[in-house]
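Participant: Fold the following.
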Amino acid sequence: MIYAALNHLVNGLNQHLRRVHGMGEDMAVLSPLVGIDGAPAARAEGRLSLSLVNVERETAAHQRKDGVTSLGSVRGTSAPPLHLNLHVLLAANPGGGNYGDFLRHLSSGIGFFQRHPLFDRGNSPDMDPRLEQLVLEPENLRISELSNLWGILGGKYLPSMLYKVRMVTFASDDPTALVPGISRPATGVGAG
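Facilitator: All right, here's what the predicted structure looks like:
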């Protein structure tokens, strides 16, 4: 689900960038900025990179205790849905390219998400059917928070924008317990 959500955002961003800038290749990639070894991620160089920097549980969502499904005369309970918010970083990584061009691409990306803060079936019919909607909210970071984020990421600062993507929901259709249904006693004339 996380991959489906972020991949949908990258695909939409690439369509926008191709249309606006007349690019033949994808400019945006789903990639970390730094590899496990601490070296810059080759896939992100010379691109706009969308990177997952945090996953948090949405606490404001209405949580039901459990799900109840009926399987004939047997009822099943399942785990409650888990609602997540994703913190993603859109960063311009010019590599050896033209810094000004990458600032324009970053501006286009920010503008795209500003004009399209909501992705749902109405405006994104190709969205993964497991996703109901994605809502993007820009996040403000103070300089100290920004410094901490880039320190955690292990990279040098790149022009970027942090977004909170609400709400990716994990819902289980698999019952965790089966309980026989309760039937009503027969009533009527001649019963007994």
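Participant: Helix or strand next in line after the lengthiest helix in the chain, which one?
Facilitator: Using DSSP state H, we find that the single longest helix of the chain is helix 2-21. Once the chain leaves helix 2-21, the next helix or strand it forms, by DSSP states H and E, is strand 28-30.
Participant: Does anything pack onto that next one? Which helices or strands?
Facilitator: Judged by 3 or more CB pairs under 8 Å, 6 or more residues apart in numbering; DSSP states H and E, strand 28-30 is in contact with helix 2-21, strand 47-57. Glycine gets a C-beta too; all of them are placed from N, C-alpha and C.
Participant: redo that, cut-off 10 Å
Facilitator: Applying 3 or more CB pairs under 10 Å, 6 or more residues apart in numbering; DSSP states H and E, one finds that strand 28-30 contacts helix 2-21, strand 47-57, strand 82-93, helix 99-115.
Participant: sorry, back to before: compute the inter-axis angle for the longest helix of the chain and strand 82-93.
Facilitator: Calculated by axes from the mean of the first three to the mean of the last three CA atoms, to 10 degrees, helix 2-21 forms an angle of 40 degrees with strand 82-93.
Participant: buried set for helix 2-21?
Facilitator: For helix 2-21, the neighbour count (16 or more other CB atoms under 10 Å) marks Ala5, Leu6, His8, Leu9, Val10, Asn11, Gly12, Leu13, Asn14, His16, Leu17 as buried.
Participant: Please report the distance of the closest residue to Arg18 other than its chain neighbours from Gly154.
Facilitator: Once flanking residues are discounted, Arg18 sits nearest to Gly24: 7.4 Å by CB to CB, 6 or more residues apart in numbering. Per CB to CB, to the nearest Å, Gly24 is found 32 Å from Gly154.
Participant: repeat for Pro81
Facilitator: Using CB to CB, one gets 33 Å for the distance from Pro81 to Gly154.
Participant: Just give me how far the longest helix of the chain sits from the chain centre.
Facilitator: In terms of CA atoms, centre = their mean, to the nearest Å, the centre of helix 2-21 is found 12 Å from the chain centre.
Participant: Same question for stretch 36-44.
Facilitator: The chain centroid and the centroid of stretch 36-44 are separated by 22 Å, computed with CA atoms, centre = their mean.
Participant: ok, now stretch 154-163?
Facilitator: Taking CA atoms, centre = their mean, the mean C-alpha location of stretch 154-163 is offset from the chain mean by 18 Å.
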